[in-house]
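Chemist: Everything below, folded, please.
(one chain, ligands or ions: 2)
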Amino acid sequence: MPVIRTLSKVAKQALMGTPGCGCQPLTVAVRSISFSPRQVTSDASFHSVSFSETDHPKVLITGGLGQLGVGLAKLLRMRYGKNNVILSDIRKPPNSVFHSGPFIYSDILDYKNLREIVVNNRITWLVHYSALLSAVGEANVALARSVNITGLHNILDIAAEHGLRLFVPSTIGAFGPTSPRNPTPDLCVQRPRTIYGVSKVHAELMGEYYHHRYGLDFRCLRYPGIISADSTPGGGTTDYAVQIFHDAIKTGKFECNLKPDTRLPMMYIDDCLRATLEVMEAPADTLSMRTYNINAMSFTPEELTRELQKQMPELEVSYEIDPVRQAIADSWPMNFDDSNARKDWGWKHDYDLPELVQTMLNYFREETRMARVN
Ligand SMILES: NC(=O)C1=CN([C@@H]2O[C@H](COP(=O)(O)OP(=O)(O)OC[C@H]3O[C@@H](n4cnc5c(N)ncnc54)[C@H](O)[C@@H]3O)[C@@H](O)[C@H]2O)C=CC1
Ligand SMILES: CC(=O)[C@H](N)C(=O)O
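Modeler: Numbers count the residues shown, from 1 in each chain. Ligands and ions are numbered 1, 2, ... in the order given. The predicted model follows:
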(Lines give C-alpha, C1' and ligand atoms only; values in the text may rest on other atoms or scores of the structure.)
(Ligands and ions follow the chains in the order given, each with its own letter.)
Protein backbone atom coordinates (compact mmCIF):
# COMPACT_ATOMS: atom_id res chain seq x y z
CA MET A 1 0.00 0.00 0.00
CA PRO A 2 2.68 2.55 0.92
CA VAL A 3 4.46 1.67 -2.34
CA ILE A 4 1.30 2.37 -4.31
CA ARG A 5 0.92 5.71 -2.54
CA THR A 6 4.53 6.63 -3.32
CA LEU A 7 4.01 5.65 -6.96
CA SER A 8 0.90 7.76 -7.34
CA LYS A 9 2.71 10.69 -5.72
CA VAL A 10 5.57 10.29 -8.22
CA ALA A 11 3.10 9.99 -11.09
CA LYS A 12 1.32 13.15 -9.94
CA GLN A 13 4.62 15.04 -9.80
CA ALA A 14 5.42 13.78 -13.29
CA LEU A 15 2.16 15.06 -14.69
CA MET A 16 2.24 18.40 -12.90
CA GLY A 17 5.95 19.07 -13.30
CA THR A 18 8.16 20.35 -10.50
CA PRO A 19 8.72 24.11 -10.59
CA GLY A 20 12.33 25.10 -10.92
CA CYS A 21 13.69 21.67 -11.76
CA GLY A 22 13.96 19.57 -14.96
CA CYS A 23 13.01 15.97 -15.54
CA GLN A 24 16.20 14.46 -14.11
CA PRO A 25 15.27 14.44 -10.41
CA LEU A 26 11.96 12.79 -11.30
CA THR A 27 13.74 10.14 -13.35
CA VAL A 28 15.98 9.34 -10.40
CA ALA A 29 12.95 9.10 -8.13
CA VAL A 30 11.19 6.71 -10.47
CA ARG A 31 14.25 4.51 -10.89
CA SER A 32 15.05 4.43 -7.20
CA ILE A 33 11.77 2.71 -6.49
CA SER A 34 12.45 0.20 -9.33
CA PHE A 35 9.31 1.16 -11.23
CA SER A 36 9.60 -0.33 -14.68
CA PRO A 37 7.12 -0.05 -17.57
CA ARG A 38 6.38 -3.78 -17.71
CA GLN A 39 6.28 -6.34 -14.92
CA VAL A 40 9.65 -8.09 -15.02
CA THR A 41 10.99 -11.06 -13.08
CA SER A 42 13.74 -10.34 -10.59
CA ASP A 43 16.58 -11.73 -12.72
CA ALA A 44 16.11 -9.08 -15.42
CA SER A 45 18.14 -6.41 -13.64
CA PHE A 46 20.90 -8.95 -12.95
CA HIS A 47 21.54 -9.25 -16.68
CA SER A 48 21.36 -5.56 -17.49
CA VAL A 49 24.60 -3.95 -18.58
CA SER A 50 25.60 -0.40 -17.88
CA PHE A 51 27.29 1.24 -20.84
CA SER A 52 30.40 3.21 -20.07
CA GLU A 53 31.39 5.80 -22.69
CA THR A 54 34.87 4.26 -22.97
CA ASP A 55 33.55 0.79 -23.91
CA HIS A 56 32.31 -0.13 -27.32
CA PRO A 57 28.55 -0.43 -27.36
CA LYS A 58 27.02 -3.81 -28.19
CA VAL A 59 24.43 -2.97 -30.84
CA LEU A 60 21.30 -4.81 -32.01
CA ILE A 61 19.64 -3.63 -35.24
CA THR A 62 16.05 -4.80 -35.78
CA GLY A 63 14.57 -4.98 -39.29
CA GLY A 64 18.15 -4.99 -40.47
CA LEU A 65 17.63 -6.52 -43.92
CA GLY A 66 15.73 -3.54 -45.30
CA GLN A 67 17.06 -0.59 -47.29
CA LEU A 68 19.05 0.89 -44.40
CA GLY A 69 20.07 -1.84 -41.94
CA VAL A 70 22.91 -3.56 -43.80
CA GLY A 71 24.63 -0.23 -44.53
CA LEU A 72 24.27 0.86 -40.91
CA ALA A 73 25.72 -2.45 -39.68
CA LYS A 74 28.72 -1.96 -41.98
CA LEU A 75 29.33 1.56 -40.67
CA LEU A 76 28.93 0.59 -37.01
CA ARG A 77 31.11 -2.53 -37.42
CA MET A 78 33.93 -0.41 -38.83
CA ARG A 79 33.72 1.74 -35.73
CA TYR A 80 32.94 -0.72 -32.92
CA GLY A 81 34.17 -4.07 -34.30
CA LYS A 82 32.42 -6.75 -36.35
CA ASN A 83 31.13 -8.81 -33.45
CA ASN A 84 29.73 -5.84 -31.53
CA VAL A 85 26.96 -5.23 -34.06
CA ILE A 86 24.19 -7.81 -34.54
CA LEU A 87 21.82 -7.56 -37.46
CA SER A 88 18.40 -9.11 -37.03
CA ASP A 89 15.26 -9.59 -39.13
CA ILE A 90 12.51 -12.12 -39.82
CA ARG A 91 13.77 -12.74 -43.34
CA LYS A 92 16.58 -15.02 -44.50
CA PRO A 93 19.77 -13.04 -45.07
CA PRO A 94 21.62 -13.26 -48.39
CA ASN A 95 25.00 -15.03 -48.24
CA SER A 96 27.01 -11.80 -48.35
CA VAL A 97 25.16 -10.42 -45.31
CA PHE A 98 25.24 -13.70 -43.39
CA HIS A 99 29.01 -13.95 -43.80
CA SER A 100 29.77 -10.30 -43.02
CA GLY A 101 29.01 -10.43 -39.28
CA PRO A 102 26.57 -11.69 -36.63
CA PHE A 103 22.99 -12.20 -37.83
CA ILE A 104 20.11 -13.44 -35.71
CA TYR A 105 16.38 -14.13 -36.24
CA SER A 106 14.26 -11.67 -34.33
CA ASP A 107 10.56 -10.95 -34.65
CA ILE A 108 9.84 -7.71 -32.78
CA LEU A 109 6.34 -8.98 -32.03
CA ASP A 110 7.87 -11.77 -29.91
CA TYR A 111 8.70 -10.02 -26.66
CA LYS A 112 10.37 -13.01 -24.96
CA ASN A 113 12.61 -13.70 -27.96
CA LEU A 114 13.67 -10.04 -28.07
CA ARG A 115 14.45 -10.03 -24.38
CA GLU A 116 16.48 -13.22 -24.68
CA ILE A 117 18.57 -11.70 -27.47
CA VAL A 118 19.22 -8.53 -25.49
CA VAL A 119 20.17 -10.45 -22.34
CA ASN A 120 22.25 -13.21 -23.94
CA ASN A 121 24.22 -10.80 -26.09
CA ARG A 122 24.61 -8.09 -23.44
CA ILE A 123 23.12 -5.50 -25.83
CA THR A 124 23.64 -1.85 -24.83
CA TRP A 125 22.35 0.01 -27.91
CA LEU A 126 19.25 -0.85 -29.90
CA VAL A 127 18.58 0.55 -33.36
CA HIS A 128 14.97 -0.19 -34.18
CA TYR A 129 14.53 -0.28 -37.96
CA SER A 130 11.63 -2.76 -38.33
CA ALA A 131 8.60 -1.08 -39.84
CA LEU A 132 6.11 -1.14 -42.69
CA LEU A 133 6.64 2.00 -44.78
CA SER A 134 4.03 4.41 -46.10
CA ALA A 135 2.73 2.72 -49.26
CA VAL A 136 2.84 -0.89 -48.00
CA GLY A 137 1.34 0.29 -44.71
CA GLU A 138 -1.73 1.68 -46.52
CA ALA A 139 -2.05 -1.65 -48.34
CA ASN A 140 -2.03 -3.57 -45.04
CA VAL A 141 -3.16 -1.37 -42.17
CA ALA A 142 -3.62 -4.19 -39.64
CA LEU A 143 -0.08 -5.48 -40.12
CA ALA A 144 1.36 -1.96 -40.10
CA ARG A 145 -0.44 -1.22 -36.85
CA SER A 146 0.88 -4.39 -35.32
CA VAL A 147 4.52 -4.07 -36.45
CA ASN A 148 4.83 -0.30 -36.11
CA ILE A 149 2.88 0.17 -32.87
CA THR A 150 2.75 -3.14 -30.93
CA GLY A 151 6.32 -3.92 -32.00
CA LEU A 152 7.47 -0.50 -30.83
CA HIS A 153 5.89 -1.10 -27.41
CA ASN A 154 7.96 -4.27 -27.03
CA ILE A 155 11.11 -2.39 -28.03
CA LEU A 156 10.45 0.47 -25.59
CA ASP A 157 9.84 -1.90 -22.69
CA ILE A 158 12.91 -4.01 -23.42
CA ALA A 159 15.06 -0.88 -23.78
CA ALA A 160 13.76 0.67 -20.56
CA GLU A 161 14.16 -2.56 -18.57
CA HIS A 162 17.71 -3.12 -19.68
CA GLY A 163 18.95 0.48 -19.66
CA LEU A 164 19.61 0.53 -23.42
CA ARG A 165 20.29 3.55 -25.58
CA LEU A 166 17.47 3.35 -28.13
CA PHE A 167 17.35 4.81 -31.63
CA VAL A 168 14.02 4.83 -33.47
CA PRO A 169 13.86 6.60 -36.84
CA SER A 170 10.89 8.77 -37.63
CA THR A 171 10.15 10.30 -41.02
CA ILE A 172 8.90 13.25 -43.03
CA GLY A 173 5.73 11.09 -43.07
CA ALA A 174 5.10 11.99 -39.42
CA PHE A 175 3.67 15.29 -40.71
CA GLY A 176 0.38 15.84 -42.52
CA PRO A 177 -1.57 18.30 -44.65
CA THR A 178 -2.12 20.71 -41.75
CA SER A 179 1.61 20.91 -40.91
CA PRO A 180 3.60 23.83 -42.36
CA ARG A 181 5.15 22.25 -45.46
CA ASN A 182 7.82 24.64 -46.64
CA PRO A 183 9.77 24.47 -44.43
CA THR A 184 8.53 22.05 -41.76
CA PRO A 185 10.03 22.81 -38.31
CA ASP A 186 10.68 20.28 -35.54
CA LEU A 187 7.74 21.39 -33.47
CA CYS A 188 4.43 22.00 -35.24
CA VAL A 189 1.04 20.40 -35.87
CA GLN A 190 1.43 16.67 -36.69
CA ARG A 191 -1.75 15.16 -38.09
CA PRO A 192 -0.53 12.56 -40.65
CA ARG A 193 -3.11 10.71 -42.76
CA THR A 194 -1.29 7.39 -43.14
CA ILE A 195 -1.01 4.54 -40.62
CA TYR A 196 2.76 4.83 -41.13
CA GLY A 197 2.74 8.51 -40.11
CA VAL A 198 0.38 7.92 -37.20
CA SER A 199 2.59 5.11 -35.90
CA LYS A 200 5.70 7.28 -36.21
CA VAL A 201 4.15 10.19 -34.29
CA HIS A 202 3.18 7.60 -31.69
CA ALA A 203 6.80 6.37 -31.60
CA GLU A 204 8.14 9.92 -31.15
CA LEU A 205 5.73 10.65 -28.32
CA MET A 206 6.14 7.29 -26.57
CA GLY A 207 9.92 7.49 -26.77
CA GLU A 208 9.93 10.99 -25.32
CA TYR A 209 7.47 9.92 -22.64
CA TYR A 210 9.67 6.96 -21.64
CA HIS A 211 12.64 9.32 -21.57
CA HIS A 212 10.96 11.69 -19.12
CA ARG A 213 9.14 9.02 -17.14
CA TYR A 214 11.73 6.24 -16.90
CA GLY A 215 14.97 7.92 -17.95
CA LEU A 216 15.14 5.93 -21.22
CA ASP A 217 17.96 7.24 -23.43
CA PHE A 218 15.69 7.61 -26.47
CA ARG A 219 17.05 9.24 -29.63
CA CYS A 220 15.08 9.83 -32.81
CA LEU A 221 15.76 11.41 -36.19
CA ARG A 222 13.10 12.20 -38.74
CA TYR A 223 14.64 10.92 -41.98
CA PRO A 224 13.75 12.34 -45.40
CA GLY A 225 13.33 9.89 -48.32
CA ILE A 226 16.58 7.90 -48.44
CA ILE A 227 18.35 7.16 -51.70
CA SER A 228 20.74 4.23 -52.01
CA ALA A 229 22.34 2.26 -54.81
CA ASP A 230 23.14 -1.11 -53.22
CA SER A 231 19.87 -1.69 -51.34
CA THR A 232 16.25 -1.52 -52.47
CA PRO A 233 13.50 0.47 -50.75
CA GLY A 234 10.76 -1.41 -48.90
CA GLY A 235 7.57 0.16 -50.29
CA GLY A 236 7.52 3.89 -49.62
CA THR A 237 6.30 7.01 -51.38
CA THR A 238 9.82 8.29 -52.08
CA ASP A 239 10.91 5.03 -53.77
CA TYR A 240 10.66 6.56 -57.26
CA ALA A 241 13.86 8.49 -56.58
CA VAL A 242 15.77 5.19 -56.25
CA GLN A 243 13.95 3.28 -59.01
CA ILE A 244 14.69 5.98 -61.58
CA PHE A 245 18.43 5.15 -61.38
CA HIS A 246 17.89 1.41 -61.86
CA ASP A 247 15.57 1.94 -64.85
CA ALA A 248 17.70 4.69 -66.37
CA ILE A 249 20.74 2.40 -66.42
CA LYS A 250 18.85 -0.74 -67.48
CA THR A 251 16.41 0.59 -70.10
CA GLY A 252 16.97 4.34 -70.50
CA LYS A 253 13.28 4.82 -69.65
CA PHE A 254 11.40 5.46 -66.42
CA GLU A 255 7.69 5.66 -65.55
CA CYS A 256 7.25 7.89 -62.52
CA ASN A 257 4.30 7.34 -60.14
CA LEU A 258 4.37 10.91 -58.75
CA LYS A 259 3.58 14.16 -60.59
CA PRO A 260 6.59 15.98 -62.08
CA ASP A 261 6.34 18.89 -59.62
CA THR A 262 6.01 16.86 -56.38
CA ARG A 263 8.67 18.29 -54.07
CA LEU A 264 9.95 16.10 -51.21
CA PRO A 265 12.96 16.20 -48.88
CA MET A 266 15.57 13.54 -49.76
CA MET A 267 18.97 12.35 -48.52
CA TYR A 268 21.77 10.09 -49.75
CA ILE A 269 22.14 6.99 -47.57
CA ASP A 270 25.70 7.80 -46.41
CA ASP A 271 24.48 11.07 -44.88
CA CYS A 272 21.55 9.29 -43.22
CA LEU A 273 23.70 6.58 -41.65
CA ARG A 274 26.36 9.06 -40.51
CA ALA A 275 23.65 11.22 -38.90
CA THR A 276 22.40 8.15 -37.06
CA LEU A 277 25.86 7.35 -35.74
CA GLU A 278 26.47 10.98 -34.78
CA VAL A 279 23.25 11.39 -32.84
CA MET A 280 23.84 8.06 -31.07
CA GLU A 281 27.30 9.21 -30.02
CA ALA A 282 26.27 12.77 -29.10
CA PRO A 283 26.73 13.56 -25.39
CA ALA A 284 23.30 13.65 -23.76
CA ASP A 285 23.76 17.24 -22.62
CA THR A 286 24.01 18.46 -26.25
CA LEU A 287 20.54 17.14 -27.03
CA SER A 288 18.00 19.84 -26.25
CA MET A 289 15.35 17.58 -27.80
CA ARG A 290 14.97 13.84 -28.35
CA THR A 291 13.44 13.99 -31.86
CA TYR A 292 15.16 16.00 -34.60
CA ASN A 293 14.48 16.71 -38.28
CA ILE A 294 17.51 16.10 -40.49
CA ASN A 295 17.73 17.39 -44.03
CA ALA A 296 20.01 17.42 -47.05
CA MET A 297 18.18 18.35 -50.27
CA SER A 298 14.71 18.70 -51.66
CA PHE A 299 13.70 18.07 -55.28
CA THR A 300 10.89 17.14 -57.66
CA PRO A 301 10.86 14.25 -60.18
CA GLU A 302 11.33 16.85 -62.91
CA GLU A 303 14.43 18.31 -61.24
CA LEU A 304 15.91 14.87 -60.60
CA THR A 305 15.30 13.94 -64.25
CA ARG A 306 17.02 17.12 -65.46
CA GLU A 307 20.07 16.40 -63.29
CA LEU A 308 20.23 12.84 -64.62
CA GLN A 309 19.81 14.00 -68.20
CA LYS A 310 22.96 16.11 -67.87
CA GLN A 311 24.80 12.78 -67.99
CA MET A 312 22.22 10.65 -69.79
CA PRO A 313 20.54 12.97 -72.32
CA GLU A 314 18.74 9.99 -73.88
CA LEU A 315 16.78 9.24 -70.66
CA GLU A 316 12.99 9.31 -71.21
CA VAL A 317 10.66 9.86 -68.26
CA SER A 318 6.87 9.46 -68.47
CA TYR A 319 4.28 9.89 -65.72
CA GLU A 320 1.63 7.37 -64.62
CA ILE A 321 0.35 8.74 -61.32
CA ASP A 322 -0.41 6.38 -58.44
CA PRO A 323 -3.25 8.16 -56.60
CA VAL A 324 -2.38 6.61 -53.21
CA ARG A 325 1.27 7.63 -53.33
CA GLN A 326 0.43 11.05 -54.81
CA ALA A 327 -2.05 11.81 -52.01
CA ILE A 328 0.58 10.82 -49.44
CA ALA A 329 3.29 12.93 -51.06
CA ASP A 330 0.95 15.92 -51.30
CA SER A 331 0.48 15.82 -47.52
CA TRP A 332 4.19 15.62 -46.68
CA PRO A 333 6.78 18.36 -46.12
CA MET A 334 8.37 19.90 -49.21
CA ASN A 335 11.36 21.18 -47.25
CA PHE A 336 12.62 20.22 -43.84
CA ASP A 337 13.96 22.70 -41.26
CA ASP A 338 16.79 20.90 -39.47
CA SER A 339 18.39 23.94 -37.81
CA ASN A 340 18.11 22.39 -34.32
CA ALA A 341 20.13 19.31 -35.33
CA ARG A 342 22.77 21.59 -36.89
CA LYS A 343 22.93 23.77 -33.79
CA ASP A 344 22.79 21.09 -31.07
CA TRP A 345 25.03 18.28 -32.30
CA GLY A 346 26.64 19.74 -35.41
CA TRP A 347 24.64 17.96 -38.13
CA LYS A 348 25.91 18.76 -41.64
CA HIS A 349 25.04 16.91 -44.85
CA ASP A 350 27.66 16.10 -47.51
CA TYR A 351 25.48 15.31 -50.54
CA ASP A 352 23.37 17.74 -52.54
CA LEU A 353 21.55 16.76 -55.75
CA PRO A 354 24.55 16.89 -58.16
CA GLU A 355 26.79 14.81 -55.86
CA LEU A 356 23.94 12.37 -55.25
CA VAL A 357 23.35 11.79 -58.96
CA GLN A 358 27.07 11.48 -59.69
CA THR A 359 27.60 8.97 -56.87
CA MET A 360 24.60 6.84 -57.84
CA LEU A 361 25.59 6.76 -61.52
CA ASN A 362 29.21 5.90 -60.67
CA TYR A 363 27.97 2.95 -58.61
CA PHE A 364 25.72 1.56 -61.34
CA ARG A 365 28.29 2.13 -64.09
CA GLU A 366 30.92 0.28 -62.08
CA GLU A 367 28.48 -2.54 -61.41
CA THR A 368 27.70 -2.82 -65.14
CA ARG A 369 31.43 -2.79 -65.94
CA MET A 370 32.13 -5.56 -63.41
CA ALA A 371 29.22 -7.64 -64.74
CA ARG A 372 30.73 -7.40 -68.24
CA VAL A 373 34.19 -8.42 -66.99
CA ASN A 374 32.85 -11.52 -65.13
N1 LIG B 1 14.10 4.25 -46.29
C2 LIG B 1 13.60 5.48 -46.10
O3 LIG B 1 13.49 6.29 -47.04
C4 LIG B 1 13.19 5.90 -44.74
C5 LIG B 1 13.16 5.01 -43.68
N6 LIG B 1 12.75 5.43 -42.45
C7 LIG B 1 12.69 4.49 -41.34
O8 LIG B 1 13.91 3.78 -41.22
C9 LIG B 1 13.64 2.43 -40.83
C10 LIG B 1 14.31 1.48 -41.80
O11 LIG B 1 13.78 1.74 -43.08
P12 LIG B 1 14.05 0.78 -44.32
O13 LIG B 1 15.28 0.01 -44.13
O14 LIG B 1 13.89 1.62 -45.52
O15 LIG B 1 12.77 -0.18 -44.22
P16 LIG B 1 12.47 -1.51 -45.07
O17 LIG B 1 11.01 -1.58 -45.30
O18 LIG B 1 13.39 -1.60 -46.22
O19 LIG B 1 12.88 -2.65 -44.02
C20 LIG B 1 12.13 -2.92 -42.87
C21 LIG B 1 12.51 -4.29 -42.35
O22 LIG B 1 11.66 -4.60 -41.25
C23 LIG B 1 11.49 -5.99 -41.26
N24 LIG B 1 10.32 -6.41 -40.47
C25 LIG B 1 9.01 -6.39 -40.80
N26 LIG B 1 8.27 -6.94 -39.83
C27 LIG B 1 9.13 -7.31 -38.85
C28 LIG B 1 8.97 -7.96 -37.60
N29 LIG B 1 7.77 -8.36 -37.15
N30 LIG B 1 10.06 -8.18 -36.84
C31 LIG B 1 11.29 -7.81 -37.27
N32 LIG B 1 11.50 -7.21 -38.46
C33 LIG B 1 10.43 -6.97 -39.24
C34 LIG B 1 11.33 -6.35 -42.73
O35 LIG B 1 11.60 -7.73 -42.95
C36 LIG B 1 12.32 -5.42 -43.39
O37 LIG B 1 13.56 -6.05 -43.64
C38 LIG B 1 12.12 2.28 -40.76
O39 LIG B 1 11.70 2.39 -39.43
C40 LIG B 1 11.61 3.45 -41.58
O41 LIG B 1 10.37 3.89 -41.12
C42 LIG B 1 12.34 6.72 -42.20
C43 LIG B 1 12.31 7.61 -43.22
C44 LIG B 1 12.80 7.31 -44.55
C1 LIG C 1 10.04 8.90 -46.31
C2 LIG C 1 9.75 7.56 -45.77
O3 LIG C 1 9.51 7.43 -44.59
C4 LIG C 1 9.72 6.39 -46.67
N5 LIG C 1 10.77 6.42 -47.64
C6 LIG C 1 8.40 6.33 -47.38
O7 LIG C 1 8.31 6.92 -48.47
O8 LIG C 1 7.45 5.76 -46.81
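Chemist: use CA for all of it now, contacts and neighbours both
Modeler: Will do.
Chemist: helix or strand for residue 361, which one?
Modeler: Per DSSP states H and E, residue 361 falls inside helix 353-373.
Chemist: Quick check: residues of the stretch 101-250 of the chain near ligand 2?
Modeler: By CA under 6 Å from any ligand atom, the residues of the stretch 101-250 of the chain that approach ligand 2 are 133, 134, 171, 172, 173, 224, 225, 236, 237, 238.
Chemist: Against ligand 1, how distant is the second one?
Modeler: Pointing back at residue 134 there. 8 Å (CA to the nearest ligand atom, to the nearest Å).
Chemist: any weak-confidence spans in the stretch 201-350 of the chain?
Modeler: Across the stretch 201-350 of the chain, nothing is flagged by pLDDT under 70.
Chemist: While we're on the residue of the stretch 1-150 of the chain found nearest ligand 2, how confident is the model there?
Modeler: Proximity of the stretch 1-150 of the chain to ligand 2 (CA to the nearest ligand atom) peaks at residue 134, 3.7 Å away. Residue 134 carries a pLDDT score of 98 in this model.
Chemist: Contacts only, for it.
Modeler: 173, 194, 195, 196, 197, 235, 236, 237 (CA atoms under 8 Å, 6 or more residues apart in numbering).
Chemist: So which of those sit within strands?
Modeler: In strands, judged by DSSP state E, none of the contacts of residue 134 are found.
Chemist: Could you dump those residues into a markdown table with distance to residue 362 and neighbour count added?
Modeler: Formatted as a markdown table, the contacts of residue 134 follow (distance: CA to CA, whole Å; neighbours: other CA atoms under 10 Å):
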| residue | distance to residue 362 | neighbour count |
| --- | --- | --- |
| 173 | 30 | 31 |
| 194 | 35 | 22 |
| 195 | 36 | 26 |
| 196 | 33 | 28 |
| 197 | 34 | 26 |
| 235 | 25 | 16 |
| 236 | 24 | 20 |
| 237 | 25 | 24 |
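Chemist: Point out the ones among these that are inside helices.
Modeler: 195, 196, 197 (DSSP state H).
Chemist: Tell me which stretches of this protein form strands.
Modeler: 59-62, 85-89, 103-105, 125-128, 165-167, 170-171, 217-223, 225-227, 253-256, 264-268, 291-293, 297-299, 316-319.
Chemist: can you put those in TSV and add mean neighbour count and distance to residue 187?
Modeler: Output for the strands of the chain, formatted as TSV (neighbours: other CA atoms under 10 Å; distance: least, CA to CA, whole Å):
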stretch	mean neighbour count	distance to residue 187
strand 59-62	26	28
strand 85-89	25	32
strand 103-105	19	37
strand 125-128	24	23
strand 165-167	23	19
strand 170-171	23	14
strand 217-223	23	12
strand 225-227	25	20
strand 253-256	18	32
strand 264-268	25	17
strand 291-293	25	9
strand 297-299	19	20
strand 316-319	14	34
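Chemist: And the pLDDT for residue 9?
Modeler: At residue 9, pLDDT is 41.
Chemist: Also residue 17?
Modeler: Turning to residue 17, the model gives it a pLDDT of 36.
Chemist: now do the one 5 residues further on
Modeler: If you check residue 22, the pLDDT there is 29.
Chemist: Lovely, talk soon.
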